[in-house]
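J.: Structure, please.
(chains A and B)
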Amino acid sequence: GAGVSQSPSNKVTEKGKDVELRCDPISGHTALYWYRQSLGQGLEFLIYFQGNSAPDKSGLPSDRFSAERTGGSVSTLTIQRTQQEDSAVYLCASSLDGGYPDTQYFGPGTRLTVL
Amino acid sequence: DAKTTQPPSMDCAEGRAANLPCNHSTISGNEYVYWYRQIHSQGPQYIIHGLKNNETNEMASLIITEDRKSSTLILPHATLRDTAVYYCIVRVRAETSGSRLTFGEGTQLTVNP
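T.: Next up, the predicted model:
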């Protein structure tokens, strides 16, 4: 079946612009995660959605970052007034229900470059 | 999550079995061992996970020692496309749903022709 998809695959933007990154999780998966990965670094958790529950936003690095998940499926990560330090690969993962053990399946990522 | 220790790099000849070790000596009884890999410039890929028993799927086999303090991921017939960083993760049951993943340094496996 179809895996997690993300768009765009690459995004180059100028400092100060807003960007939107999209994630389509695996059909039927109710849990959705956003991570980012800077060059040569590990995973940095950003936000977690589970069904209709309030999202866990504890990993968002600043109030310039926000995310929403409409209809319990597609999610959009928005970065306002982008900064050069926001340059990274943004990864989306989904899992069946977030319950333990929670096997997360990742998308290919969106590579964001802020000039 | 319990700390894991992996060798930083390994080499394997194409067509041979690749055996990737992982030490997790502080693992608790309710913690699963997970393996992911990340091919250059791609998103992480789930490989396999296990609790106590050995596991096998279409990608790999996972051998967990009886005391659960270490495990080995086996790729039975490595191909050039298996060249990647392999991450061994021990995951504890979270009090609430949604346990975020944390990757350590992993093992860079290079499959040579």
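J.: Would you work out how far apart the start and end of stretch B:73-83 are?
T.: End-to-end distance of stretch B:73-83 (CA to CA, to the nearest Å): 14 Å.
J.: which of the residues in that stretch are buried?
T.: B:73-75, B:78, B:82-83 (16 or more other CB atoms under 10 Å in any protein chain shown). (C-beta placed from N, C-alpha, C; glycine too.)
J.: quick one: which of the residues you listed is nearest to A:Phe49?
T.: Nearest to A:Phe49, judged by CB to CB, of these is B:Leu73 at 30.1 Å.
J.: and the closest one, what helix or strand is that in?
T.: strand B:70-75 (DSSP states H and E).
J.: right, quick check: that strand against chain A, any contact?
T.: No: counting by CB under 8 Å from any CB of the partner chain, chain A has no neighbours in strand B:70-75; the shortest distance is 14.8 Å.
J.: Mind checking what helix or strand follows that strand in sequence?
T.: Next element after strand B:70-75 (DSSP H and E): strand B:84-91.
J.: which helices and strands sit right next to that next one?
T.: Counting contacts by 3 or more CB pairs under 8 Å, 6 or more residues apart in numbering or on different chains; DSSP states H and E, strand B:84-91 is packed against strand B:18-23, strand B:32-38, strand B:70-75, strand B:107-112.
J.: Name the stretch among those strands that sits most buried.
T.: With neighbours defined as mean count of other CB atoms under 10 Å in any protein chain shown, those peak in mean count at strand B:32-38, which reaches a mean of 23.
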